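Asker: sharing a model prediction with you, sequence too.
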Amino acid sequence: MSVLVSELQAPLAALLPQLHEEDTAVILTHLPRLYARLDHLKAAFSSSVQHSVAIKSNPHPEVLREIVTRGFGLEAASIEEVRRAIEIGCPAERLVFDSPVKTRLELAEVAQHSGVLVNVNTLSELERIPADAQCIIGIRVNPLTDTGSPERFSVGRNESKFGVPIALREEIIQASIHYPVRALHMHSGSQMRNLDAQRSALHSLGELAQQINIALESLGLQRRIEVVDIGGGLPSEPLTTTTQMMAYGALVHSIESLSPFHLVTEFGQWVNAECGLALSRIEYVITGSPDKLFIHLGADMFTRDAYTKARPFPLSLWTALGAPVTAAKSTYDIAGPLCFAGDYIARQVRLPHASEGHWLCIDHAGANTYSLWSRHCSRSVPAHWSWNGETVKRWTARQMISF
Ligand SMILES: Cc1ncc(COP(=O)(O)O)c(C=O)c1O
């Protein structure tokens, strides 16, 4: 039996027999994995670095509560995410607000929270900040660097809608003099591959922060840039002693221009992806060329995967009592339940011979899945459970979506 299957045996034996007939699919958060990843993230950087996990990667309130309870912060991409973070107890000084299209009303609301880091996306957003704002104001800078993110997730190129291009250095310095700016922010894109390019982008950001401080000092102003928020963007990876995250932490701390600043990160996918499992009952096994399994999750939950390129989720097959299926292997395409032709989460995968009533476990499905739930075909959102290493607990019931 593979390591992956043996690791899942206890949680799935606890979970699957408890499900009801209408639970055609279910989501499970694996808490020991989440705790291990958070610990690893903390260890990869110096202890003064604040890690605010991107809510958009998994906005389930219980997941957020677990993250906050363990001393981490949250990054919100909308006012709704800001409110959710505050509701579940995220301290203001660990909260970051990054929406690219904040309204005047939203800025007035968030400005009352002392210590929240609000990163403006354009210089014109600065004039909307209320004069009595209690929050920390940062400017999102576009480093104009290609860090190797897939094109759709890259935000650091010239035509990007995110941040003020670093080429507008003089405008950024002047804006930082005229408005109460105390932070700079950069997020180069998701699934970065080229960390050398990221190093040079971060170095330039640190240099710019130092130039702003020299300008403020020369004008006799007390205010300084104190915070540099370096965003997220590392792809998920297994936890070993030599992770890319460890290397990235060392790289960040080796950049001298960043050393005077309080650092903030905003990882999402790296933290959450491996902590989530999605499970679907197999409804139909259709023989043909190729054989197909029809399941109850597809482009509704795996939106990015169905519409772009599917991630290589580890798949395994289970009985309804939570035992691994050990039959000889067959090759299947895995079709989702939505009424469009591209709704497949995997093709040509080898799995034990499947039957109606078996369960397909889709592992490493904890990021950018539940948060992207699609209304297409109006299917219900599965119940969400957690595994704490000993028992399972239902966090939220299966929910009909509202319109
Ligand atoms: C501003 C910002 N910060 C952080 C993230 C999280 O990125 P990742 O999940 O790749 O770490 C995103 C993702 O879109 C983002 O837009």
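Answerer: Here it is on my side, so go on. Numbering: from 1, shown residues only.
Asker: okay, now the domains of the chain?
Answerer: Domains of the chain are assigned by automatic domain parsing as 3-29+274-396, 59-267.
Asker: output the below-cut-off pLDDT ranges for the stretch 251-400 of the chain.
Answerer: Within the stretch 251-400 of the chain, no stretch has pLDDT under 70.
Asker: strands of that one, start to end?
Answerer: 262-265, 276-281, 284-286, 291-294, 315-318, 329-335, 344-352, 359-362, 383-387, 392-396 (DSSP state E, counting those that start in this stretch).
Asker: which one, of those, ends up nearest to Gln112?
Answerer: Closest of the strands of the stretch 251-400 of the chain to Gln112 is strand 262-265, at 20.5 Å (criterion: Cβ to Cβ). Glycine gets a C-beta too; all of them are placed from N, C-alpha and C.
Asker: make TSV out of the domains of the chain and add mean neighbour count.
Answerer: Shown next, in TSV, are the domains of the chain (neighbours: other Cβ atoms under 10 Å):
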stretch	mean neighbour count
domain 3-29+274-396	18
domain 59-267	19
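Asker: now distance to Lys42 too, for the ones you listed, in TSV please.
Answerer: Converted to TSV, the domains of the chain look like this (distance: least, Cβ to Cβ, whole Å):
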stretch	distance to Lys42
domain 3-29+274-396	15
domain 59-267	8
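Asker: any idea which of those domains gets closest to the ligand?
Answerer: domain 59-267 (2.7 Å; Cβ to the nearest ligand atom).
Asker: quick one: is that closest one near the ligand?
Answerer: Yes. Legend: contact between domain 59-267 and the ligand by Cβ under 6 Å from any ligand atom is shown at Glu75, Asp98, His187, Ser190, Gly231, Gly232, Gly233, Glu266, Phe267.
Asker: in a helix, the third one, correct?
Answerer: No. Using DSSP: H, G, I helix; E, B strand; the rest coil, the assignment for His187 is coil, not a helix.
Asker: isn't it up against Gly233?
Answerer: Yes. In this structure, His187 is within contact of Gly233 by Cβ atoms under 8 Å, at 6.3 Å.
Asker: tell me which of the domains of the chain lies nearest to Tyr35.
Answerer: domain 59-267 (6.9 Å).
Asker: let me see the contact set for the residue lying closest to Val101 once chain neighbours are set aside.
Answerer: Using Cβ to Cβ, 6 or more residues apart in numbering and skipping residues adjacent in sequence, the residue nearest Val101 is Asn121, 7.6 Å away. By Cβ atoms under 8 Å, 6 or more residues apart in numbering, the contact set of Asn121 is Asp98, Ser99, Pro100, Val101, Lys102, Arg140, Lys161, Phe162, Gly163, Val164.
Asker: which among those residues gets closest to Asp132?
Answerer: Distances from Asp132 to the contacts of Asn121, taken by Cβ to Cβ, are shortest for Lys102, at 17.1 Å.
Asker: ok, the closest one - contacts?
Answerer: Taking Cβ under 8 Å, 6+ apart as the test, what Lys102 contacts is Ile79, Val110, Val118, Val120, Asn121, Glu125, Arg128.
Asker: out of the residues you listed, which are inside helices?
Answerer: Ile79, Val110 (DSSP state H).
Asker: dump the contacts of Lys102 to a markdown table, plus distance to Ala250.
Answerer: Below are these laid out as a markdown table (distance: Cβ to Cβ, whole Å):
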| residue | distance to Ala250 |
| --- | --- |
| Ile79 | 36 |
| Val110 | 34 |
| Val118 | 30 |
| Val120 | 30 |
| Asn121 | 30 |
| Glu125 | 34 |
| Arg128 | 39 |
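Asker: in JSON lines, list the contacts of Lys102 along with pLDDT.
Answerer: Converted to JSON lines, the contacts of Lys102 look like this (pLDDT from 0 to 100):
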{"residue": "Ile79", "pLDDT": "98"}
{"residue": "Val110", "pLDDT": "98"}
{"residue": "Val118", "pLDDT": "98"}
{"residue": "Val120", "pLDDT": "98"}
{"residue": "Asn121", "pLDDT": "97"}
{"residue": "Glu125", "pLDDT": "97"}
{"residue": "Arg128", "pLDDT": "97"}
